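Undergrad: Here is my input, please return the structure:
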Amino acid sequence: MRLVVATSWDDALLQGLAGLPVLSVFGKLQADLVGGGRPSSVLPAVDWEGMARHIALAHALGFRFNYLWNATSLGDAEYDAGYVARMEDQLRRLVDIGIDGLVVGLPWMIPLAKGVSPDLEVSVSSMLDVTRPREARQFAAMGADTLIVHHSTNRDFAVLDEIRASVRCDLELIANNSCVYQCPYAACHQVSPSFHSREDSPRLLEYELFWCAGRYAADGGEIIRSRWIRPEDLHVYEARGYDRFKIAGRGRDTAWLLRAARAYAARSHPGELTEIIGMSQHAPLALARRRAAEGGPRAAAWAEIADDLAPIGDLHVDGSAIPENFLDFFVRHDCNKLSCRACGYCAAVAKQAVRGGPALDADAPAHMPSAAMFADLLLEAQPPRG
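TA: From the prediction side, this is the model:
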């Protein structure tokens, strides 16, 4: 087992990870030239000096460090030769302070990174949606050292087997993502953080999260359909040639990250599963309540959304109530060829393991804020600086 763990930029995290099977930690500045897969608003603050010290401590403890350049769009800035030159300069600076790897969100960044530092481990981000064997082979042919397989594929075992058989490069699975399975907002939500994590971007909460939160609030079965991996099930993936697992949670504090890493290292977390999976769905509920309490012309609309999302606050998953052979169903069935309405497997598991969430129509649309309310998702006027 090799764990790849998000950092909170707290040295206590690195010290707490000592002795665990951690290969590397990963993170990025709150805002930088390229941007990444999470908006600045959820990322912990660090400056260049603090990042250099943190990386040095990681190395002293035997961990590698991966920096994230996993924006999936630069808004055509790459057509400006001056901008690309600045990217190369920033990458040289990152290499100088000791990064061991770079996670990229655009394919042409692979040769760019290798041109700057041939020994740098270049990983293809899950934001590039690697879900098929042919994609994997082509990224490997470009020179990628590691492919982070998109989390939506975590229970598509025939596909995972073929991807593993197709490439010799390293493969990484995200263990604790809580995104809604086959979310209609997935494609745009993999692009939007690119524009919300740069040096000139304002802090905001992305509107796409409201769909995700709304689905969780309306149907407790969604949390079972989501493609997280239980610590108890890591052996299923290891038997198929996957032994590198990412512990996501760059917006989480040190205690949360340590709990998640220790659970996966121990291959066991029989208690509350929401303690170790992402659960970014709580953020829209908190902001809706805040905007409703502040008053204003849209307060009533925000109050209605807050009421709709309220079940998220009481949503719990008893890991011990999930069947020991939970994954056997997915080995035998292809969810891409099944309707959740006709299947009912995850809904049946939810009845046993999920508390606090209703079990309603698996296809019902979630309550979204109107476009007129998007301005209220801005959290502050001044953009964060790297």
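Undergrad: Name the spans of the stretch 251-386 of the chain whose pLDDT lies under the cut-off.
TA: 359-362, 381-386 (pLDDT under 70).
Undergrad: quick one, strands of it?
TA: Here the stretch 251-386 of the chain has its strands, by DSSP state E, counting those that start in this stretch, at 316-317, 354-355, 378-380.
Undergrad: Then the stretch 51-200 of the chain?
TA: Under DSSP E, counting those that start in this stretch, the stretch 51-200 of the chain gives strands at 64-69, 101-104, 121-124, 146-149, 170-174.
Undergrad: Give the other helices and strands that the longest one contacts.
TA: In this structure, strand 64-69 packs against strand 22-27, helix 48-60, strand 101-104, strand 121-124, with contacts taken as 3 or more C-beta pairs under 8 Å, 6 or more residues apart in numbering; DSSP states H and E. From N, CA and C alone the C-beta is placed, and that goes for glycine too.
Undergrad: Make CSV out of these and add mean pLDDT, mean neighbour count and distance to Val84.
TA: Compiled in CSV, those are given as follows (pLDDT from 0 to 100; neighbours: other C-beta atoms under 10 Å; distance: least, C-beta to C-beta, whole Å):
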stretch, mean pLDDT, mean neighbour count, distance to Val84
strand 22-27, 98, 22, 24
helix 48-60, 98, 16, 21
strand 101-104, 98, 25, 14
strand 121-124, 98, 25, 16
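Undergrad: now for those, which one comes closest to Val34?
TA: Of all the helices and strands packed on strand 64-69, strand 101-104 sits nearest to Val34, with 9.1 Å by C-beta to C-beta.
Undergrad: Contacts made by the closest one with the rest, please.
TA: With C-beta atoms under 8 Å, 6 or more residues apart in numbering as the test, strand 101-104 has contacts from 24, 26, 64-70, 91, 94, 109-110, 113, 120-125, 145-146, 148.
Undergrad: In CSV: the strands of the stretch 251-386 of the chain, plus distance to Cys188 and mean neighbour count.
TA: Shown next, in CSV, are the strands of the stretch 251-386 of the chain (distance: least, C-beta to C-beta, whole Å; neighbours: other C-beta atoms under 10 Å):
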stretch, distance to Cys188, mean neighbour count
strand 316-317, 28, 20
strand 354-355, 28, 20
strand 378-380, 18, 12
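Undergrad: how about these, which one is nearest Met51?
TA: Among these, strand 378-380 sits nearest to Met51 (C-beta to C-beta), with 22.5 Å.
Undergrad: hmm, back to that, would you mind putting the helices and strands packed on strand 64-69 into TSV with distance to Glu380 alongside?
TA: Putting these into TSV (distance: least, C-beta to C-beta, whole Å) gives the following:
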stretch	distance to Glu380
strand 22-27	22
helix 48-60	21
strand 101-104	27
strand 121-124	32
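Undergrad: CA atoms of stretch 350-361 as CSV?
TA: Only the C-alpha atoms of stretch 350-361 are listed here, as CSV (Å, rounded to 0.1, in the frame of the first residue of the first chain):
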residue,chain,number,x,y,z
ALA,A,350,-28.6,2.7,2.2
LYS,A,351,-31.6,1.4,4.1
GLN,A,352,-29.3,-0.5,6.3
ALA,A,353,-26.4,1.9,6.7
VAL,A,354,-27.6,5.5,6.1
ARG,A,355,-29.2,7.5,8.8
GLY,A,356,-30.7,11.0,8.5
GLY,A,357,-31.2,11.1,4.7
PRO,A,358,-34.5,10.4,2.9
ALA,A,359,-34.8,7.7,0.2
LEU,A,360,-36.6,9.4,-2.7
ASP,A,361,-36.4,9.3,-6.5
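Undergrad: Could I get the buried residue list for that stretch?
TA: 350, 353-354, 357 (16 or more other C-beta atoms under 10 Å).
Undergrad: avg pLDDT for stretch 108-117?
TA: Stretch 108-117 shows a mean pLDDT of 98.
Undergrad: for stretch 158-175, same thing?
TA: 98.
Undergrad: starting at the chain centroid, how far to it?
TA: Relative to its parent chain, stretch 158-175 has a centroid offset of 18 Å by C-alpha atoms, centre = their mean, to the nearest Å.
Undergrad: Residues contacting it, please?
TA: Counting by C-beta under 8 Å, 6+ apart, 4, 123, 126, 130-134, 136-137, 140, 144-149, 151, 153-154, 228-229, 231, 234, 237, 240-242, 244-248, 264, 334 sit against stretch 158-175.
Undergrad: just to revisit the earlier point, wait, which of the helices and strands packed on strand 64-69 is closest to Ala217?
TA: Nearest of those (C-beta to C-beta): strand 22-27, 30.1 Å.
Undergrad: counting contacts, what elements does the closest one pack onto?
TA: strand 2-6, helix 11-17, helix 48-60, strand 64-69, strand 101-104.
Undergrad: out of those, which comes closest to Ala218?
TA: Nearest of these (C-beta to C-beta): strand 2-6, 28.7 Å.
Undergrad: rewinding a little: what's the most distant pair in the buried residues of stretch 350-361?
TA: Ala353 and Gly357 (10.6 Å).
Undergrad: the longest helix in the protein is where?
TA: Longest helix of the chain, by residue count under DSSP state H: helix 81-96.
Undergrad: Name the residues of that helix that are buried.
TA: Buried residues in helix 81-96 (16+ other C-beta under 10 Å): 87, 90-91, 94-95.
Undergrad: ok, the residue lying closest to Ala300 once chain neighbours are set aside - contacts?
TA: Sequence neighbours aside, Ala292 is the residue nearest to Ala300 in space, at 7.9 Å (criterion: C-beta to C-beta, 6 or more residues apart in numbering). Ala292 makes contact with 299-300, 302-303, 306, according to C-beta under 8 Å, 6+ apart.
Undergrad: Swap in 10 Å and give it another go.
TA: Taking C-beta atoms under 10 Å, 6 or more residues apart in numbering, we find Ala292 in contact with 298-307.
Undergrad: which among the residues you listed end up buried?
TA: Using 16+ other C-beta under 10 Å, the buried members of the contacts of Ala292 are 298, 301-302, 305-306.
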